[in-house]
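Asks: kindly generate the corresponding structure for this input.
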Amino acid sequence: MVLPITGWSWHSDAFSDWVNEFIPYAENQGIHRDIAEAALSGLTSNPEVVRLDGKQPEHKITFEQYLDNTVTPRRIRIGRALMKKHHALLKRIAATYRVQPEYLVALWGIESDYGAYKGNFSVIRSLATLAHDGRRQEFFSQELIAALSILQNESLTSYDLTGSWAGAMGDCQFMPSTYLHYAVDGDGDGHRDIWHSTPDILASIANYLHALGWRNDRGWGVEVELPEDFLDEEADLTQARSALAWRQRGVEWERTPIIPHNATPAYAIYVGDPAEASYLVTDNYKAILQWNRSRYFATAVGILANAIEE
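Replies: I've put the predicted structure just below:
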């Protein structure tokens, strides 16, 4: 079990000294000393990770720009092909975890472009760098302990743990703590391989969504037209109304199975600028937001899933 990092501090700005202090701390957290030493001893800070962590975007892109970059014709085409290729596997996973296949494929596509861009940074080195010299040192210290726990309990080495500069791993871009809790062995080989095994990748995505409260009797949401007298305070993910009540309020949308019956709880939201896009979303949308708190991300997942399923 990974214990929470509380009261962890160090006494030197030098990365090598930080590593020497972190190793016994990791041991106190249940990591075998030989595991921690093998992973961390001689490690150097990664200046590229420090640069990326400190990089600020020059401007915030609009939701339309985000969609243009994320839900592309190519990504839709590949998603549809993968739905066909893995039909039997997806059907089995969907039945086990009660998550519709198109959402599994959509998350796979948006997180790593179906495995094409999963990252080749050393997760251990990235997390150690960020735990020493990042904006969220406590968070990344926790994730480093989780990564060391993976080395200790799985048949993996430091060289196997590759991912994004921020430590997100594999095709589904799980942080190490997410991997520990939600990654599953989908192909029955005794390993949880979210880097190479398609059954493991898709089953892990499904297991995580299921744990976040996904319901397979509904979709994620639908784009809507709001009445002229709509109030900004009504666009709130804490204010659920039935689909029928939203209709009566003057919210309009095309016929769709996304919200299957009038009693389904739904929420009106803006995505980006209120003038850009408005949606009526279900609790499944809130589940995606627990995966990634960006409304751009969550909406893009839903839109890509719809396009793949068509």
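Asks: all helices of the stretch 151-300 of the chain, in order?
Replies: 176-182, 198-211, 243-249, 283-291, 295-309 (DSSP state H, counting those that start in this stretch).
Asks: now the weakest link among these, please, by mean pLDDT.
Replies: Ranked by mean pLDDT, the helices of the stretch 151-300 of the chain bottom out at helix 243-249, with a mean of 90.
Asks: may I see the buried residues of that one?
Replies: 243, 246 (16 or more other Cβ atoms under 10 Å). The C-beta positions use only the backbone N, C-alpha and C, and glycine is treated the same way.
Asks: which elements pack onto it?
Replies: Secondary-structure packing of helix 243-249 (3 or more Cβ pairs under 8 Å, 6 or more residues apart in numbering; DSSP states H and E): strand 265-270.
Asks: what sits up against the strand it packs on?
Replies: 221, 224, 226, 230, 232, 234-243, 246, 251, 259, 276-283, 285-286, 295 (Cβ atoms under 8 Å, 6 or more residues apart in numbering).
Asks: strands - which of those land there?
Replies: 221, 241-242, 278-281 (DSSP state E).
Asks: now list the buried members of the residues you listed.
Replies: Here, 16+ other Cβ under 10 Å leaves 221, 241, 278-281 buried among the ones in strands among the contacts of strand 265-270.
Asks: quick check: domain ranges of the protein?
Replies: Following the assignment in automatic domain parsing, the chain carries domains at 1-44+121-168, 56-118+184-214+295-310, 221-281.
Asks: would you format the ones you listed as CSV with distance to residue 176 included?
Replies: CSV is the format used below for these (distance: least, Cβ to Cβ, whole Å):
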stretch, distance to residue 176
domain 1-44+121-168, 4
domain 56-118+184-214+295-310, 11
domain 221-281, 28
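Asks: and residue 177, which of these is closest to it?
Replies: domain 1-44+121-168 (4.2 Å; Cβ to Cβ).
Asks: so how far is that closest one off the chain centroid?
Replies: Relative to its chain's centre, domain 1-44+121-168 lies at 21 Å (Cα atoms, centre = their mean, to the nearest Å).
Asks: and for stretch 171-178?
Replies: The answer for stretch 171-178 is 7 Å, by Cα atoms, centre = their mean.
Asks: what about it, how long is it end to end?
Replies: Chord length of stretch 171-178, first to last residue, is 13 Å (Cα to Cα, to the nearest Å).
Asks: what does stretch 151-169 give?
Replies: 13 Å.
Asks: how far off centre is that stretch?
Replies: How far stretch 151-169 lies from its chain's middle: 16 Å, per Cα atoms, centre = their mean.
Asks: how about it: buried residues?
Replies: 151-152, 154, 156, 158, 161-169.
Asks: equivalent analysis for stretch 281-291, please.
Replies: Buried residues in stretch 281-291, counted by 16+ other Cβ under 10 Å: 281-289, 291.
Asks: neighbouring contacts of that stretch?
Replies: Contacts of stretch 281-291 (Cβ under 8 Å, 6+ apart): 107, 208-209, 212-215, 218-221, 237, 258-259, 264-267, 269, 279, 295, 297-299, 301-302.
Asks: and the contacts of stretch 155-167?
Replies: By Cβ under 8 Å, 6+ apart, the list of residues contacting stretch 155-167 reads 38-39, 46, 48-49, 52-53, 118-124, 126-127, 130, 140, 143, 147, 150-151, 169-170, 173, 175-176, 190-191, 195.
Asks: give me that answer again for 7 Å
Replies: Contact partners of stretch 155-167, identified using Cβ atoms under 7 Å, 6 or more residues apart in numbering, comprise 39, 48-49, 52, 118-124, 126-127, 130, 143, 147, 150-151, 169-170, 173, 175-176, 191.
Asks: start and end of that stretch, how far apart?
Replies: From its first residue to its last, stretch 155-167 covers 19 Å (Cα to Cα).
Asks: same check on stretch 55-63?
Replies: First-to-last residue span, stretch 55-63, Cα to Cα: 21 Å.
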